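Peer 1: Below is the sequence, then the predicted model.
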Amino acid sequence: MLLEALTATILGLALAWAAAHRLSHRLPARLLVLPTGIAGALFGAFVTHTALGAGGLVLVLLGSATLSAASLSLLLRPAGRLRRSSATA
């Protein structure tokens, strides 16, 4: 279990760093992005390990990466300006 947690932490950090590097214009500060990726990966590892049990390291890491990417996607802002039409126009 300790190996799963350590590997999930490294995986979450790598995903968060890649997202912050690639999508820096659409994400908030790295101070928020990096811990969000790590927390999502650890929670994903916990949920997957609880659901599947011990012995499936690859599946636990897959669940970890999925939940980390999902939590990072919640931080994304729209790419362009939002256009709002006025009600009187």
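Peer 2: That came in fine, so what should we check first? Numbers count the residues shown, from 1 in each chain.
Peer 1: which phi and psi does the residue nearest to the spatial centre of the chain have?
Peer 2: Central residue of the chain (C-alpha atoms, centre = their mean): residue 68, 2.7 Å from the mean position. Dihedral pair for residue 68: phi -70, psi -40, per degrees, to the nearest 10.
Peer 1: contacting residues for it?
Peer 2: Taking C-beta atoms under 8 Å, 6 or more residues apart in numbering, we find residue 68 in contact with 11-12, 15-16, 37-38, 40-41, 44. Bear in mind the C-beta positions are built from the backbone N, C-alpha and C, glycine included.
Peer 1: Same check on residue 5?
Peer 2: 42, 45.
Peer 1: measure it to residue 26 for me?
Peer 2: Separation of residue 5 from residue 26 (C-beta to C-beta, to the nearest Å): 29 Å.
Peer 1: Farthest-apart pair in the contacts of residue 68, please.
Peer 2: The most widely separated members of the contacts of residue 68, counting by C-beta to C-beta, are 16 and 44 (12.9 Å).
Peer 1: follow-up on the earlier one: what about the contacts of residue 68, which are in helices?
Peer 2: 11-12, 15-16, 37-38, 40-41, 44 (DSSP state H).
Peer 1: coming back round to it: just put the contacts of residue 68 in JSON lines and tack on pLDDT, distance to residue 56 and neighbour count.
Peer 2: Formatted as JSON lines, the contacts of residue 68 follow (pLDDT from 0 to 100; distance: C-beta to C-beta, whole Å; neighbours: other C-beta atoms under 10 Å):
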{"residue": "11", "pLDDT": "96", "distance to residue 56": "15", "neighbour count": "21"}
{"residue": "12", "pLDDT": "95", "distance to residue 56": "18", "neighbour count": "29"}
{"residue": "15", "pLDDT": "95", "distance to residue 56": "20", "neighbour count": "22"}
{"residue": "16", "pLDDT": "95", "distance to residue 56": "24", "neighbour count": "27"}
{"residue": "37", "pLDDT": "95", "distance to residue 56": "22", "neighbour count": "27"}
{"residue": "38", "pLDDT": "96", "distance to residue 56": "21", "neighbour count": "21"}
{"residue": "40", "pLDDT": "96", "distance to residue 56": "19", "neighbour count": "25"}
{"residue": "41", "pLDDT": "96", "distance to residue 56": "16", "neighbour count": "31"}
{"residue": "44", "pLDDT": "95", "distance to residue 56": "13", "neighbour count": "25"}
